[in-house]
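Peer 1: the sequence and its predicted three-dimensional model are supplied below.
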Amino acid sequence: MKDRPHVAPFDPERLRAEFPALGIEVHGKPLVYLDNAATTQKPRAVLDRIVRYYEQENANVHRGVHALSQIATEAYEGARARIASFLGASGPDEIVFTRGTTESINLVAHGFARSVLGPGDEIVITHLEHHSNIVPWQLAAEATGAVVRVVPIDEDGTVDFDAYLDLLGSRTRIVSVSHVSNSLGTVNPVERFVRAAHEHGIPVLVDGAQAVAHAPVDVRALDVDYYCLSGHKMFGPTGIGALYGKAEALDRLPPWQGGGDMIASVSFAGTTYAAPPLRFEAGTPHIEGAVGLAAAIDFLGAVDRDAAAAHEAELVRYAHERLASIPGIRFIGTSPHKTAVVSFLVGSLHPYDVGTLVDRFGVAVRTGHHCTEPVMARYGIPGTVRASFALYNTKADVDALVEAVDRARRLLS
Ligand code: PLP
């Protein structure tokens, strides 16, 4: 990472202390927060940055000559540059601010529907996608007569790569695949997906919502055409995210929302549009979100990411080992390549019942289909209990989870 500050030796206990929300109690018990795949907690540096923005820098961006507007514009555009360097993009113009991964995917799907897709064209996704990487493509298909083709997954939650290769063809217009599955934890071999698609000249979008908080991502090394992320899943604020696109990949997309800032010139005879990324940023943007996200990137920049990834891998291993001792436990998602997510069922107990009781013991997990209904249908289950980890979790959190799940099991059986 280029503008990397001092990287301290990795210490989850020290990191925890930077997150005020990790010190609260729920139901009279210290919070054990294991719902990081839904959203992460925020470090003090992000919270302070947002307050400083409103106290000292707040003005609208791009349109003002006054000093404060220039300060706000510098903060906003500086955040764009920070995301570009965080992802290894060629430059800030390859970063579009969005509300998050969902909006990023919708932007691309909408652009493809308007400029690329036609009847009989194919969009390739996989069976383990989040709804936000399914429904936008279904909408695009509905609007154009294109077809969504789905790569199956194996019993352990690994995408069937041979089936993927078989699906790529002369009608495929885009591949859209997640980097990491939010309900199974499977890490997809994105480089291999991209290489195979590019051999056919097919662009690839990668949904990085669950990846960026867990390992460094280099979009140029991966050679992806589009990469999507959500700030709130990487210690930043909600309501802000980004779409990375190679310059030519963004160029090919038409505008998708009209308004201020996205134009070159407006007249009643006809309007011309700004170049990317502003072409896709109509209206006053989420300035506070952008500067907060930049602060989250700075926070991550001061972390030894390799050590953090090793720590999280050990937590996942330890959680599997300890949970396995609970009678009736069944893990969903056991790919050898997985990260940060442990999904499971306990005997015939409904995941909602387990999750509700576990919460009473202070442990926050998520239950249900996790916006991946096709995954649940694949396994014939209504949902799972999902514990998801971040770099500030510890083995003590896993111990608390195991104890809470076992107590819930005994109470419900
Ligand atoms: N993709 C994956 C894999 C996710 O896990 C999520 C959220 O859980 C999303 C996309 C959507 O992210 P957001 O709601 O931040 O747009």
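Peer 2: That came in fine, so what should we check first?
Peer 1: neighbours around residue 311, how many?
Peer 2: Neighbour count for residue 311, taken as other Cβ atoms under 10 Å: 20. (Each C-beta comes from the backbone N, C-alpha and C, glycine too.)
Peer 1: and for residue 51?
Peer 2: The number of residues packed near residue 51 is 11, by other Cβ under 10 Å.
Peer 1: before we move on, what about residue 200?
Peer 2: Count around residue 200 with other Cβ under 10 Å applied: 12.
Peer 1: residue 168 too?
Peer 2: Counted by other Cβ under 10 Å, the residues lying close to residue 168 total 19.
Peer 1: the one 3 residues further on too?
Peer 2: Other residues lying near residue 171 total 15 when counted by other Cβ under 10 Å.
Peer 1: ok, it touching residue 121?
Peer 2: Yes - judged on Cβ atoms under 8 Å, residue 171 makes contact with residue 121 at a distance of 5.6 Å.
Peer 1: any weak-confidence spans in the protein?
Peer 2: 1-5 (pLDDT under 70).
Peer 1: which element follows the longest helix along the chain toward the C-terminus?
Peer 2: Taking DSSP state H as the criterion, the chain has its longest helix at helix 67-87. Sequence order places strand 95-98 as the next helix or strand after helix 67-87, per DSSP states H and E.
Peer 1: now for the helix or strand following that next one, which elements pack on it?
Peer 2: Downstream of strand 95-98, the first helix or strand assigned by DSSP H and E is helix 101-115. Helices and strands touching helix 101-115, by 3 or more Cβ pairs under 8 Å, 6 or more residues apart in numbering; DSSP states H and E, are strand 95-98, helix 135-144, strand 172-178, strand 204-207, strand 226-230, strand 241-245.
Peer 1: near the ligand, which residues of the stretch 101-250 of the chain are found?
Peer 2: Proximity of the stretch 101-250 of the chain to the ligand is confined to 101, 102, 130, 132, 133, 178, 182, 207, 209, 210, 230 under the rule Cβ under 6 Å from any ligand atom.
Peer 1: redo those as JSON lines? Include distance to residue 193 and neighbour count.
Peer 2: Supplementary listing: those in JSON lines, determined by distance: Cβ to Cβ, whole Å; neighbours: other Cβ atoms under 10 Å:
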{"residue": "101", "distance to residue 193": "17", "neighbour count": "27"}
{"residue": "102", "distance to residue 193": "21", "neighbour count": "21"}
{"residue": "130", "distance to residue 193": "16", "neighbour count": "21"}
{"residue": "132", "distance to residue 193": "18", "neighbour count": "21"}
{"residue": "133", "distance to residue 193": "13", "neighbour count": "25"}
{"residue": "178", "distance to residue 193": "10", "neighbour count": "28"}
{"residue": "182", "distance to residue 193": "18", "neighbour count": "27"}
{"residue": "207", "distance to residue 193": "12", "neighbour count": "28"}
{"residue": "209", "distance to residue 193": "16", "neighbour count": "27"}
{"residue": "210", "distance to residue 193": "16", "neighbour count": "28"}
{"residue": "230", "distance to residue 193": "21", "neighbour count": "29"}
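Peer 1: circling back: buried set for the longest helix of the chain?
Peer 2: When burial is assessed from 16 or more other Cβ atoms under 10 Å, helix 67-87 yields the following buried residues: 69, 71-73, 75-76, 79-87.
Peer 1: quick check, nearest of those residues to residue 290?
Peer 2: Using Cβ to Cβ, residue 79 comes nearest to residue 290 of the buried residues of helix 67-87, at 4.0 Å.
Peer 1: count of residues packed around residue 320?
Peer 2: For residue 320, the neighbour count with other Cβ under 10 Å is 16.
Peer 1: tell me the secondary structure at it.
Peer 2: Under DSSP: H, G, I helix; E, B strand; the rest coil, residue 320 falls in the helix class.
Peer 1: now for it: which residues touch it?
Peer 2: By Cβ atoms under 8 Å, 6 or more residues apart in numbering, residue 320 lies in contact with 331, 342.
Peer 1: ok, now with 10 Å
Peer 2: 329, 331, 334, 338, 342, 344, 398 (Cβ atoms under 10 Å, 6 or more residues apart in numbering).
Peer 1: so which strand or helix has the closest residue to the third one other than its chain neighbours?
Peer 2: The reference is to residue 334. Closest residue in space to residue 334, ignoring its immediate chain neighbours: residue 156 at 4.5 Å, by Cβ to Cβ, 6 or more residues apart in numbering. Assigned by DSSP H and E, residue 156 belongs to no helix or strand.
Peer 1: do residue 293 as well
Peer 2: Per DSSP H and E, residue 293 falls inside helix 287-301.
Peer 1: next, see if that helix gets close to the ligand.
Peer 2: No - applying Cβ under 6 Å from any ligand atom, one finds helix 287-301 separated from the ligand by no less than 11.9 Å.
Peer 1: gap between that helix and the chain center?
Peer 2: Relative to its chain's centre, helix 287-301 lies at 15 Å (Cα atoms, centre = their mean, to the nearest Å).
Peer 1: with stretch 33-42 instead?
Peer 2: For stretch 33-42, the distance to the chain centre is 12 Å (Cα atoms, centre = their mean).
Peer 1: next, residue 338: phi, psi?
Peer 2: phi -140, psi 160 (degrees, to the nearest 10).
Peer 1: do the one 10 residues further on as well
Peer 2: Dihedral pair for residue 348: phi -100, psi 10, per degrees, to the nearest 10.
Peer 1: for the residue nearest to it when sequence neighbours are not counted, give me its contacts.
Peer 2: Distances taken as Cβ to Cβ, 6+ apart place residue 328 nearest to residue 348, at 7.8 Å, with adjacent residues excluded. Neighbouring residues of residue 328 by Cβ under 10 Å, 6+ apart: 344, 345, 346, 347, 348, 349, 409, 413.
Peer 1: okay, the fifth one and residue 217: tell me how far apart.
Peer 2: When distance is defined by Cβ to Cβ, to the nearest Å, residue 348 is 39 Å away from residue 217.
Peer 1: and the third one, by the same measure?
Peer 2: Counting by Cβ to Cβ, the gap from residue 346 to residue 217 is 34 Å.
Peer 1: so the residue nearest to residue 334 makes contact with residue 336?
Peer 2: Yes - the pair residue 156 / residue 336 is scored as a contact, 7.7 Å apart, by Cβ atoms under 10 Å.
Peer 1: I'm done for today, thanks for sticking with me.
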